[in-house]
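Undergrad: Next input, structure requested:
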Amino acid sequence: MEFLGRRYLNSQDTPTYFSFIEEAKQGDFLFQNLYTTEKPVLRFFRPAYLLIGKTAQVLRLPNPWAFHLFRLLFGVAFFVTAYFFFSFFFAKETQRLLALAILAFSSGLGFVLEKFIPQSTDLWVPEANTFLTLSDSPHFVLSQTLMLLVFTSFLWAAKKGPLAILLGGGAAFLLAFEHPFALAIIYLTFGLLFVTYLSWQNKIPKSCVYGVLLNVDIPV
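TA: Okay, here's the model as predicted:
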């Protein structure tokens, strides 16, 4: 009965997110899931919704306003991080901006499915691409930013020294509370990088590396 500003895809969890915001506004720092038959227990630490809720409490913002405001703010943080990440690969600013544009508007062939296959939006994956992620929930955007920050800090540490890796460690720590399964992508990526490095140093046969790369499907 109330428009919440969410698209149909992946909108089922919206009441839970609004509940977290409301709990933070009422003074809680740990959250409970009210949408379960189990007895509610204060057990969930969600950095994104703690920040959103406390800000909404101070500024007296309605929950939907706070929800979408931080989705946009986290989006800005994502593009700033992405620009810094691209700076390790592209020297010219125009190249970095072009890379940002491609990253922002890439949406695959979803529009084709939606046009020719009825109810194809049910087949979309919420985080299949950056466009869908940015239009979802604040913690989706924040998680994507934190994951990118881990890889950025690794590249930064390779140039500036090992202390920069602490930034990535902090990002991974926060990511564990929002999207812990994303850590598997990080571990797998660094694991493959380490194996590749060993092959370059002739520590292991290169054929082993090629076999792993050909048989592992890495989510992007």
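Undergrad: Now do the contacts for the nearest residue to residue 175 once chain neighbours are set aside.
TA: Once flanking residues are discounted, residue 175 sits nearest to residue 146: 4.2 Å by C-beta to C-beta, 6 or more residues apart in numbering. All C-beta spots, glycine's among them, are computed from the backbone N, C-alpha and C. Listed by C-beta atoms under 8 Å, 6 or more residues apart in numbering, the contact set of residue 146 reads 171-172, 174-175, 178, 182.
Undergrad: The residue most central in space within the chain and residue 82, how far apart?
TA: Centroid check for the chain by C-alpha atoms, centre = their mean gives residue 144 as the closest residue, at 1.9 Å. Note on residue 144: its distance to residue 82, by C-beta to C-beta, to the nearest Å, is 9 Å.
Undergrad: The protein: strands as residue ranges?
TA: In the chain, no strands are found when defined by DSSP state E.
Undergrad: Low-confidence stretches in it?
TA: Scanning the chain with the threshold set as pLDDT under 70 gives 1-2, 7-9, 107-126, 200-220.
Undergrad: count of residues packed around residue 36?
TA: 9 (other C-beta atoms under 10 Å).
Undergrad: again with residue 58
TA: Neighbour tally, residue 58, other C-beta under 10 Å: 9.
Undergrad: What's the separation between it and residue 25?
TA: Separation of residue 58 from residue 25 (C-beta to C-beta): 9 Å.
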